[in-house]
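>>> sequence and predicted structure below; questions after.
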Amino acid sequence: SRREDRTVKKTDKEKRSIISDLKRFFALCGKSGIKLLVFAVLDGIISGAAGTICQAQALKYIILYFIEGRKDALPAAFVLIGISFIIGCFIRPVMNYYGNMITVRIAANVRNRIFDHLTSLPTEYFSNRHSGDVLARVNGDVDAFLEAGLTIWTFICTLIPAFMIIPYIFTLNTTLSVIILVIGLLFLILTAKVVDPLREKNRQIRKDISGMSVTATENITGFNVIRMFGLDQAFNKRFADSADALLKAQKKYGNLTAVIGFCNIFIWLGGESISAIAGILLVLKGSLNVADLSALVSVSSDIIHLFTDFSNLPTQLQKAFSGVDRIYELLDVRPEPERFDISGNVISEGIAVDDLDFSYTEGRQVLHDVSIHAEKGQTIALVGDSGSGKTTLVKILAGLYRAKDSKISLCGKPLSDYTLLELRKLIAYVPQDAYVFNGSIYENISYGRDDAGEQDIYEAARNADAEKFILEKPDGYKTQVGERGIQLSGGERQRLAIARAILKNSPVLLLDEATSSLDSESESAIQDTLDRLLRTHTSVVVAHRLSTIKNADRIYMMVKGRVIGSGKHEDLLMSCPEYRELYYRKFGQE
């Protein structure tokens, strides 16, 4: 156990090294990372090192001209001043502009990569996470990644000049150069003592931001329930608690950065004073001339500033890389497999499920040894109380969840013969809680089929008994429905979902209580259309209406994830007590 603890600590330390962090960052950047690196190196050489050396050398030549009377020194000083001017006014802004553009482009590519990865993740990922946390990773963590890119640019632009400026100052005077470097190194050592916990504290900040995003999202999406049940104060307190947790984490982080900031100012100003005093003493001793002293004093500020910047960079990098860590946490989640490795007992062109076991989480089995069969064109109905596993079974057939222990075939082939895209093209699915996207009514129906024309969309709406309410809207098919279709009633959203499924016209139809949100009149109006669809498609229906059950070719009675009886309606009434009890309890009055 102790050995394992040491291994974990060692692995964690390796993860936190600057080198591994930089590797992870540039791996996310892709090919654009090379451009960022090249431009940063050029900026460091030209703007950082060349500009600083030119200014110091120009000052040295000016002193040589006025004190020692060297006439060749003044023209050289003017040339160096001109070079410094060109670097500061033209080259540096251009390099900074391109650096920012490259970094922003990299961040955009990472954001697209994250979104593409999200669309490939299994349903379980979204079932176990709040949408607010997912959005925080797409937005806030990518912003942290952008900050990491800008910080790395600064890091390189600080590191590269060190390899050129430090050798230059040693050509002027070794003793004073050593004093300046010792001052800078002391600050680096001091900063290193407080850098290590910074990432963990900033990771906590990002986690608290995510938690606050979750609370805010729920406050917005559930505002009707919050108001009707008088939950305003409770949810306001939840948000205040989240904000308070974030504040405490930010205070802890701020305390560390304040220490570094104080050391920065103290050593920067103190270092300049010490180097100036030491320089004067060396001049008085005769071991340093005034011209070299002027150059050293000019560059000493940049050298000490270089060390203070360099010592601040780990602080900034730890903060930025905490966002990179969270991006990798998301990208490390395995996407859906291209195919489900599930064999099947093929039944003509219909559906066959044999010996299906399924659990959402380890140790909590939801479906037990389930078998259902439907010939091509047949309709099978799933009935049972809430929690019996009907919806889970439908979602497995739709390819939304992956069953490991089973045999499933669809349209004459086992599931392993289909890619997920091919599988889902075979299926039109209408869930109980129909989802409507932000946009127009026309767009929401058109999502059923990419190549659908206007007349196809209008016909699908008519067949779903949706055209009447659509034309009553001020903008007809162009009516904007709002987020999650908030501008529509539950029945209207359900009819749009049915229209979408009708437009798709896939050979397999899955209806999970598709008419549960409709009133009796609306359901009756589209029942003929649904009956026609059921006759021409192989269908699995989670039933809640007596008419659907009686018309089914076969009914499967489910209790606690098991099929305890199957057959026609009249047969089940005679042979299955659980079905008979459910029938009289739910459908007897109907």
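Received it, and whenever you're ready, just let me know what you need.
>>> list the buried ones in stretch 50-57?
Ala50, Gly51, Thr52, Ile53, Cys54, Gln55, Ala56, Gln57 (16 or more other Cβ atoms under 10 Å). Every residue, glycine included, has its C-beta placed from N, CA and C.
>>> out of these, who's nearest Leu282?
Ala56 (16.8 Å; Cβ to Cβ).
>>> what would the buried residues of stretch 50-57 look like in TSV with pLDDT, secondary structure and distance to Asn100?
Shown next, in TSV, are the buried residues of stretch 50-57 (pLDDT from 0 to 100; DSSP: H, G, I helix; E, B strand; the rest coil; distance: Cβ to Cβ, whole Å):
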residue	pLDDT	secondary structure	distance to Asn100
Ala50	86	helix	21
Gly51	84	helix	19
Thr52	84	helix	22
Ile53	86	helix	26
Cys54	88	helix	25
Gln55	85	helix	25
Ala56	85	helix	28
Gln57	85	helix	30
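>>> just send the residues you listed back as TSV, with distance to Val394 too.
Output for those, formatted as TSV (distance: Cβ to Cβ, whole Å):
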residue	distance to Val394
Ala50	68
Gly51	68
Thr52	69
Ile53	72
Cys54	73
Gln55	73
Ala56	76
Gln57	78
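>>> which of those residues lies closest to Trp153?
Out of the buried residues of stretch 50-57, the member with the shortest distance to Trp153 (by Cβ to Cβ) is Gly51, at 16.4 Å.
>>> how close does the nearest residue to the closest one once chain neighbours are set aside sit to Cys54?
Once flanking residues are discounted, Gly51 sits nearest to Ile87: 4.3 Å by Cβ to Cβ, 6 or more residues apart in numbering. Using Cβ to Cβ, to the nearest Å, Ile87 is found at 7 Å from Cys54.
>>> and for Ser20?
Taking Cβ to Cβ, one finds Ser20 at 37 Å from Cys54.
>>> now Glu349
Glu349 is 80 Å from Cys54, by Cβ to Cβ.
>>> what do you get for Leu573?
97 Å.
>>> what about the residue nearest to Gly51, neighbour count?
A count of nearby residues for Ile87, using other Cβ atoms under 10 Å, gives 19.
>>> same check on the one 10 residues further on?
Look at Tyr97: counted by other Cβ under 10 Å, it has 10 neighbours.
>>> what ranges does this protein have for its strands?
351-361, 364-374, 379-383, 405-410, 413-414, 427-430, 508-512, 538-542, 554-559, 562-567 (DSSP state E).
>>> list the contacts for the nearest residue to Ala434 once chain neighbours are set aside?
Leaving aside its chain neighbours, Ala434 sits nearest to Ala497 (3.4 Å; criterion: Cβ to Cβ, 6+ apart). Contacts for Ala497 (Cβ atoms under 8 Å, 6 or more residues apart in numbering) come out as Val430, Pro431, Ala434, Tyr435, Val436, Ala514.
>>> give the full set of residues in contact with the fourth one.
Contacts for Tyr435 (Cβ under 8 Å, 6+ apart) come out as Arg484, Gly485, Ala497.
>>> ditto for the first one
The neighbourhood of Val430, defined by Cβ under 8 Å, 6+ apart, consists of Gln494, Ala497, Ile498, Arg500, Ala501, Leu510, Leu511, Asp512, Ala514.
>>> reformat the residues you listed as JSON lines; add pLDDT.
What follows is the contacts of Val430, written out as JSON lines (pLDDT from 0 to 100):
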{"residue": "Gln494", "pLDDT": "83"}
{"residue": "Ala497", "pLDDT": "86"}
{"residue": "Ile498", "pLDDT": "86"}
{"residue": "Arg500", "pLDDT": "88"}
{"residue": "Ala501", "pLDDT": "87"}
{"residue": "Leu510", "pLDDT": "89"}
{"residue": "Leu511", "pLDDT": "86"}
{"residue": "Asp512", "pLDDT": "84"}
{"residue": "Ala514", "pLDDT": "69"}
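>>> can you lay out those as a markdown table showing distance to Leu74?
Formatted as a markdown table, the contacts of Val430 follow (distance: Cβ to Cβ, whole Å):
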| residue | distance to Leu74 |
| --- | --- |
| Gln494 | 87 |
| Ala497 | 83 |
| Ile498 | 88 |
| Arg500 | 81 |
| Ala501 | 85 |
| Leu510 | 88 |
| Leu511 | 91 |
| Asp512 | 88 |
| Ala514 | 90 |
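>>> Tyr98: which of these is nearest?
For these, the nearest to Tyr98 is Arg500 (46.3 Å; Cβ to Cβ).
>>> tell me, how many residues neighbour the nearest residue to Pro122 once chain neighbours are set aside?
Leaving aside its sequence neighbours, Pro122 sits nearest to Glu336 (Cβ to Cβ, 6+ apart; 4.9 Å). By other Cβ under 10 Å, the residues close to Glu336 number 17.
>>> where does the stretch 401-550 of the chain have low pLDDT?
Across the stretch 401-550 of the chain, residues meeting the criterion (pLDDT under 70) sit at 514-526, 528-529, 544-547.
>>> give me the pLDDT for His71.
Residue 71: Lys, not His. Note for Lys71: predicted pLDDT of 83.
>>> that one against Leu64, yeah?
No. Using Cβ atoms under 8 Å, Lys71 is not in contact with Leu64, being 9.8 Å away.
>>> more neighbours: those two, which one.
Leu64 (23 against 8).
>>> show me the contacts for the more buried one.
Here Leu64 is in contact with Arg70, Ala73, Ala291 (Cβ under 8 Å, 6+ apart).
>>> counting neighbours, what do you get for Ser120?
By other Cβ under 10 Å, neighbour count at Ser120 equals 13.
>>> can you give me the neighbour number for the residue nearest to it when sequence neighbours are not counted?
Spatially, and ignoring its direct neighbours in sequence, Ser120 is nearest to Pro335 (3.7 Å; Cβ to Cβ, 6+ apart). Pro335 has 15 neighbouring residues, counting by other Cβ under 10 Å.
>>> isn't Pro335 up against Leu121?
Yes. In this structure, Pro335 is within contact of Leu121 by Cβ under 8 Å, at 5.8 Å.
>>> per-residue confidence at Arg92?
pLDDT at Arg92 comes out at 85.
>>> now do Phe170
For Phe170, pLDDT reads 86.
>>> neighbours around it, how many?
13.
>>> could you give the number of residues near the nearest residue to Ala464 once chain neighbours are set aside?
Among residues not flanking Ala464 along the chain, Ala499 sits closest, at 3.8 Å (Cβ to Cβ, 6+ apart). Burial measure for Ala499: 30 neighbouring residues, criterion other Cβ under 10 Å.
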